[in-house]
Structure formats: C-alpha cells, structure tokens
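# Give me a model of this one.
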Amino acid sequence: MTLLLEAPQTATDTGRAIPSALDAERSVLSSMIQDPADRIGQAVEAGLGAEHFYLSSHALIYRLLLELYDADKPIDVVILCQLLTDRKQIDAIGGPSALVDLSRSASSAAHFDYYLTIIRDKFSLRGAIKACSEGLAEAYANPPSADDFLDGLETQIFAVKQARETQSEQTVAQLMDGAIKNLEDLLMGKKKMEGLSSGYPELDAMSGGLKPSEMLIIAARPSMGKTSFMMNIVEHVVCDLHQPALVFSCEMASEQIVQRLLFSRGRFNMAAVQRGIKPTKGELKQVMQASQDISTAPLFLDDTPSLPIGDLRAKARRMKRDHDIQLIAVDYLQLMRSKSKQANDSREREVAEISAGLKAIAKELKIPVIVLAQLNRGPEQRQGGAPRMSDLRESGSIEQDADLIGLLYREEYYNDPTADDAAEQKEANEGKAQLIIAKNRNGATGDVPLTFRKELMRFETRAFEPENN
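The predicted model follows:
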C-alpha cells in the first residue's frame, strides 16, 4: 500500500494529528547524506521506501539519494543541491539553505536503526487510517455487497501489516553449513524435506513435502476416497507432526469428520460396531488412544456449506494470525462459490476465481493448501477408468494454478462383475490404489502406490510391484 502525503497535513477529519515523525525523518536523511556508503544500504535492507516519509520533500530527497547510490555516484550536499536545481525541484524542498540545515540535523548516527523503525511505524499507522477512512466512506455509500466490501477492507488492512515485513539477504558463508548438510544427506541416500511430511514417503520424495505457498490438487471421481486421503494427511500433520491445520469441509459435517478420524486413527472398523460386533479390549484401547491424540491435536474444522472464497480467505487469515496454522485443506473446490458479478455470468469464470483465490491464499499466508476436486465422467468412458488431468471439471484454470495435481485412482472401482474373470479381477485389484502425479511444478511426475483399507477409510503406503512383461 502506497501512502505518500504530498503536503504536510497536521490533522485528520476528526481534528486529530496524523501520525508522523519529522525529526526522525530529518535525522535519517542527514545520516545518509553524511555517511551514504553505510547508511543508505542499511535503510534499503530495512525496507525503507520513499513512501514511508511523511513529507513529500523528504521523499524527494530520499529518491534522489537512492538514484545516486544505485548509480554508484558520489553524494554530498553540493551534488544534491545541483541536481535538484537542474531538475527545477530545489524550491520543492525549501531551497538550498533547507537542504544544508537538513544535512546537519543528525549529530550522531547511533540511533539510526531506531529512527528507521519509528518512520516505518508511523507509515503503517497512516496506512491503517487511510484504509479505515476509505472503508468508512464506502460503508456510508451502501456498497452492493457487504461481503465484498468487508473482504476488500480486510485485504487493505492486511496489506498494511504485510508491508512491514522485510526479507534479509544471507551471505554464502551463512548458507554454506546448510549446503554441506544437504550434500551429506544426498551422499547417504537421504533427501531433504522442503515442506511438511504428508505421511506418504513416496509422495514426499516426489514433491519434497507439503511446501509453503503451494496449492496441491487431489482429484478423483466420487467414491474413490479422496476425502479419506486428505484427512489421512491432515491427521498426520496435526497428530504426528503437531502442526496446526485448518479444514474447510463444504460436503461433510464436522461431527462426521471427527468420527471418521477417530476410527481411522484407532484402526477400528466402524461398520463392525454398526453390525453389533463388540470391540476387543485391545481395540478399545486403540480407540481411546486415538481419541486422546485427536482431542489434543491443533485441528480446526469449518463445515460451512457453499463457502464463498472471500469468506474462506477471511477465516484463513484470522486463523493464521491467531493460531499460526501451517496447512489448509479444502473439501472440495466445486462446492465453493464466488460472489463477484463476473462469477454470476459463468461457472467457468467462477471456478477460475475460486482456484486463483486459493492459490493466492497459499502465497499470502506462506503455507500449503490441499484442495480436493471432482473429475468429470471421462474415466468411465475409457477402459480401465484411469483418470487424466483433462478430466478435471472446468480444468483450465485449476491446471494453471496448481503446483501439484494428484489423481486418485482405484482400479477395483471399475471391475466388471459380469466378466468371466470377475473373481480374479476382484482378488487382484482389491485395495489397490494409486495417486497419479500428473503435474508437479517443482519435481517429478509418476505414480504413488497405495493401499485403501475401506473398512478404516484409510490409505496406506504400498510397495511398488514389478510390471509383467
């Protein structure tokens, strides 16, 4: 957010003074003029921009300092004064005498870092005032959509906070230890995990884990078990890695999700209880342990149906701020909605907005986002039913936005019960599943072999089987 006040205002519409720190601004500029080689670079690394200065004259001087610094040209009062005169900007800063006075205003650079912090703090406060003032005016204007208005207002406020975050560069010496450790791991046959573990070693090996800022699409036809697969990953993250996660379930109630988690983690057949089969003491112990694991896990559930992408964004930001969530899972994309006017005219446009919005959330919050998606009827029309990436409903935008696309497939789903070898088919394919990595922006594609234990609603790792020649 850019907020450069071209004139020195002293009060808001309410009569209150606008936050500023003119003495700190003068001291910082003076230090940079006196010691440009060290202080200008220090200011740039701290994320200081011309927009952070309250007075337009100060912003003008800072831009000129940066220009000379980037061009590796000498800097002093005489050079600055001459350039401003040549560009007919000298009067904008109050004349040569004002520049001389400013250059002498810092008697010591001892508090330079602290002054930088003050300037950035005041800029943030002015940004918040601007966003709130504009929001107040827009609210009085009765916007057509309250949800869109609130989402836009939250985006502005969040932008003010994001603008405060700066990234620092690291020297080669600082990175060398990590590089040597990576080399040692490779020589020992290990592979560095870049993100959160999914709980499936082969998937982690291909993807590098669930990496920050990435959107992972898990797509399948109905009844393939994609919700179970997603929740198996979530369970591993919250129960085994103890990392906070947020699940948006547009299809299933939160109570059902918790129940499935309980029996899946407890490795207990829920259908057996429903048939009147009593669990053994050992099975009850497993369920009780699973209950304790899940109860203490940092898992947050939201089962709002037909969830608008704007609402999801707002909730995700709040949960990131309050609980530092490390993973978001969404079940599933085609059940979400967008409230924009463009989305009302086209379902394809609506899906594109939702897909782009989910990817933007991953980048903004710097966490992985797992999104389930439905496939069209294409697999049913092909022998064997193996899915393709083109089977994604409204696939264009989803394919473009996703960093990784996994197509979940169970061959037994397509067994022909009328075939002569139906019994052999059933025995050979029972439980066999695979996640077909059809797109992987930062890694290899291929198949992840899995076993689906339907009675536990659980996917487990399966060893590769040699192909028959």
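# use CA for all of it now, contacts and neighbours both
OK.
# ranges for the strands of this structure?
215-220, 245-249, 299-302, 327-331, 369-374, 404-409, 432-440, 446-453, 458-461 (DSSP state E).
# Rounded mean pLDDT for the longest one, please.
By that I understand strand 432-440. For strand 432-440, the mean pLDDT works out to 88.
# what do you get for the last one?
Rounded to a whole number, the mean pLDDT of strand 458-461 is 88.
# Return the list of helices and strands in contact with that strand.
Helices and strands touching strand 458-461, by 3 or more Cα pairs under 8 Å, 6 or more residues apart in numbering; DSSP states H and E, are helix 226-235, strand 446-453.
# most packed of the ones you listed?
Greatest average neighbour count among these goes to helix 226-235 (a mean of 22), per mean count of other Cα atoms under 10 Å.
# quick revisit: let me have the helices and strands packed on strand 458-461 in CSV, adding distance to S124 and mean pLDDT as columns.
Conversion of these to CSV gives the following (distance: least, Cα to Cα, whole Å; pLDDT from 0 to 100):
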stretch, distance to S124, mean pLDDT
helix 226-235, 36, 91
strand 446-453, 47, 88
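# Tabulate those (a markdown table), appending distance to M288.
What follows is those, written out as a markdown table (distance: least, Cα to Cα, whole Å):
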| stretch | distance to M288 |
| --- | --- |
| helix 226-235 | 16 |
| strand 446-453 | 21 |
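# Pop the domain breakdown of the chain in here.
22-162, 194-461 (automatic domain parsing).
# any idea how far the residue sitting nearest the centre point of the chain lies from Y54?
Geometric centre of the chain, nearest residue: A362, 2.0 Å, by Cα atoms, centre = their mean. Distance, A362 to Y54, by Cα to Cα, to the nearest Å: 33 Å.
# same thing with I40?
For I40 relative to Y54 (Cα to Cα), the value is 18 Å.
# of the two, who's got more company?
Shown here are I40 and Y54; by other Cα atoms under 10 Å, Y54 has more neighbours (26 against 22).
# didn't the more buried one look like it was pressed against I18?
No: between Y54 and I18 there is no contact under Cα atoms under 8 Å: 9.4 Å.
# how about the domains of the chain in JSON lines, adding distance to I180?
Listed next are the domains of the chain as JSON lines, based on distance: least, Cα to Cα, whole Å:
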{"stretch": "domain 22-162", "distance to I180": "27"}
{"stretch": "domain 194-461", "distance to I180": "16"}
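# so where is the stretch 301-450 of the chain shaky, pLDDT-wise?
339-345, 380, 384, 393-396, 415-423, 425-428 (pLDDT under 70).
# next one: stretch 293-302 to chain centre, how far?
20 Å (Cα atoms, centre = their mean, to the nearest Å).
# The chain should start at 21 in everything you say after this.
All right, first residue 21 from here; so that's stretch 313-322.
# Can you check which of the helices and strands packed on strand 478-481 gets nearest to S227?
Closest to S227 of the helices and strands packed on strand 478-481 is strand 466-473 (Cα to Cα; 10.7 Å).
# list the helices and strands the closest one packs on?
strand 452-460, strand 478-481.
# ok, Q454 - contacts?
Neighbour list for Q454: 428-430, 467-471 [criterion: Cα atoms under 8 Å, 6 or more residues apart in numbering].
# any idea how far it lies from S218?
Distance from Q454 to S218, by Cα to Cα: 15 Å.
# What of E303?
26 Å.
# Between these two, which has more neighbouring residues?
Applying other Cα under 10 Å to E303 and S218 shows that S218 carries more neighbours, namely 21 against 15.
# Quickly note the distance from the more buried one to R241.
When S218 is compared with R241 (using Cα to Cα), they lie 22 Å apart.
# now A157
48 Å.
# out of these two, which sits in the more crowded spot?
R241 (23 against 10).
# Verify the contact between the more buried one and G405 for me.
No: R241 is beyond contact range of G405, at 9.8 Å (criterion: Cα under 8 Å).
# what residues are up against the nearest residue to I418 once chain neighbours are set aside?
Spatial nearest neighbour of I418, chain neighbours left out: S375 (5.8 Å); criterion: Cα to Cα, 6 or more residues apart in numbering. Neighbour list for S375: 353, 417-418, 421 [criterion: Cα under 8 Å, 6+ apart].
# Which among the helices and strands packed on strand 478-481 is found nearest to R46?
Across the helices and strands packed on strand 478-481, closest to R46 is helix 246-255 (Cα to Cα), at 52.2 Å.
# so how many other residues sit close to the closest residue to S217 other than its chain neighbours?
In space, and not counting its chain neighbours, S217 is closest to G229: 5.0 Å by Cα to Cα, 6+ apart. The number of residues packed near G229 is 21, by other Cα under 10 Å.
# residues in contact with G229?
G229 neighbours (Cα under 8 Å, 6+ apart): 213-218, 223.
# Please identify the buried residues of stretch 135-152?
135-136, 139-152 (16 or more other Cα atoms under 10 Å).
# same deal with stretch 266-282?
So stretch 266-282, judged by 16+ other Cα under 10 Å, has buried residues 266-272, 274, 277-278, 280-282.
# Off-centre distance for it?
So, by Cα atoms, centre = their mean, the centroid of stretch 266-282 is 22 Å from its chain's centroid.
# and that stretch, how far apart are its ends?
17 Å.
# outside of it, which residues touch it?
251, 255, 307, 310-311, 314, 319-327, 336, 339, 345, 347-352, 355-356, 477.
# partners of the closest residue to K379 other than its chain neighbours in the sheet?
Residue nearest to K379 in three dimensions, not counting chain neighbours: M235, with 5.7 Å by Cα to Cα, 6+ apart. Bridge pairing for M235 (DSSP bridges) gives the partners V389.
# Just give me the neighbour total for M235.
Residues near M235, counting by other Cα under 10 Å: 29.
# Pull the contacting residues for it.
378-379, 382, 388-391, 421-424.
# mean confidence for the biggest helix by length in the chain?
In the chain, taking DSSP state H as the definition, the longest helix is helix 132-160. Mean pLDDT, helix 132-160: 88.
# What of stretch 106-117?
Computed over stretch 106-117, the average pLDDT equals 92.
# Straight-line length of it, end to end?
Where stretch 106-117 begins and where it ends lie 16 Å apart, using Cα to Cα.
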